[in-house]
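*Asks:* Please work out how this folds:
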Amino acid sequence: MNDVDSLFKPIVLVTGFGPFLNHPVNASWEAVRSMNKEEIENKHNIELVQLEIPVTYENVDEFVPALWETHTPKLMIHVGVSKIAHHITLETQAHRKGYQKLDYFDKCPANQSCTADGAIRIHTKLDVEKICKDYNDKPQMDTSAITSRDAGRYLCEYIYYTSLSVDNTRTLFVHVPDMDIYSSDQSAKALERILELCLEQVSANDSASEVTEKMQNKCSLE
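*Replies:* Next up, the predicted model:
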């Protein structure tokens, strides 16, 4: 790889949430910041950006679209903590409406709806079931993963919907349990494995799209 290539490594963004309510230390951010940045970047030839997001609707509205525009990430993984989770939980979808829970500043969005444009419900186009299966099939993992269709209608689902509305082919939301169930290191290692499985799918899909585009261009020239 030459110096020019190194300047344009694909960016993978992973976000966790800051403190809120009964979570003065948020397990999601502790897991995200504990990910082994150097190892991940070297292994996958990417640039990993780890960000802490305040638990407010306004911050999501402001920051998330800007992250997509600024970084054009190859993959976006949002992470949140779930007090009811006992496993790493991979969310499959998010809804635009129904956000009645107050955020860190005791606010909720106007009309209890996400400001992002899109359908009432958006699914990720990543194959979450396959990610979950491949994750659980690896014997070295000391954690287990499940899928979910209910991300909670709070900031977790709100940020997921916001990113899905931008690009649902390269976006995933992951709930981690409280730290008394999985330690920060355990959840960090889980996120590293999930990142790897997501990248495999995104890269395969991007390659297939490139082949299709080249074939279409060839046909248009003939």
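
*Asks:* Mind pulling up the pLDDT for Leu191?
*Replies:* Per-residue pLDDT puts Leu191 at 98.

*Asks:* And it, how far from Glu69?
*Replies:* The spacing between Leu191 and Glu69, counted by CB to CB, to the nearest Å, is 24 Å. For the C-beta atoms, the positions are set from N, CA and C on the backbone; glycine is no exception.

*Asks:* Look at those two and report which has more neighbours.
*Replies:* Here Leu191 and Glu69 are compared on neighbour count by other CB atoms under 10 Å; more neighbours surround Leu191, at 24 against 9.

*Asks:* Please pull up the helix or strand immediately following the helix or strand bottoming out on mean pLDDT in the chain.
*Replies:* When the helices and strands of the chain are compared on mean pLDDT, DSSP states H and E, helix 3-7 comes out lowest with a mean of 55. Sequence-wise, the next helix or strand beyond helix 3-7 is strand 11-17, with elements assigned using DSSP states H and E.

*Asks:* Counting neighbours, which bits of the helix or strand just after that next one end up buried?
*Replies:* Of the helices and strands lying after strand 11-17 in sequence (DSSP H and E), the nearest is helix 27-33. Neighbour counts over helix 27-33 (16 or more other CB atoms under 10 Å) mark 27-32 as buried.

*Asks:* got the angle between the one helix or strand Glu52 maps to and strand 11-17?
*Replies:* Element membership of Glu52 [criterion: DSSP H and E] is strand 47-53. Relative orientation of strand 47-53 and strand 11-17, computed by axes from the mean of the first three to the mean of the last three CA atoms, to 10 degrees: 20 degrees.

*Asks:* Now do the following helix or strand past strand 47-53: which elements does it pack against?
*Replies:* The C-terminal neighbour of strand 47-53 among helices and strands, as given by DSSP H and E, is helix 57-71. Taking 3 or more CB pairs under 8 Å, 6 or more residues apart in numbering; DSSP states H and E as contact, the helices and strands that helix 57-71 lies on are strand 11-17, strand 47-53, helix 155-166.

*Asks:* Run me through the strand neighbours of the helix or strand containing His175, direction for each.
*Replies:* Using DSSP H and E, His175 sits within strand 171-176. Using DSSP bridges, strand 171-176 pairs in its sheet with strand 75-81 (parallel), strand 88-91 (antiparallel).

*Asks:* Fine by me, we can end here.
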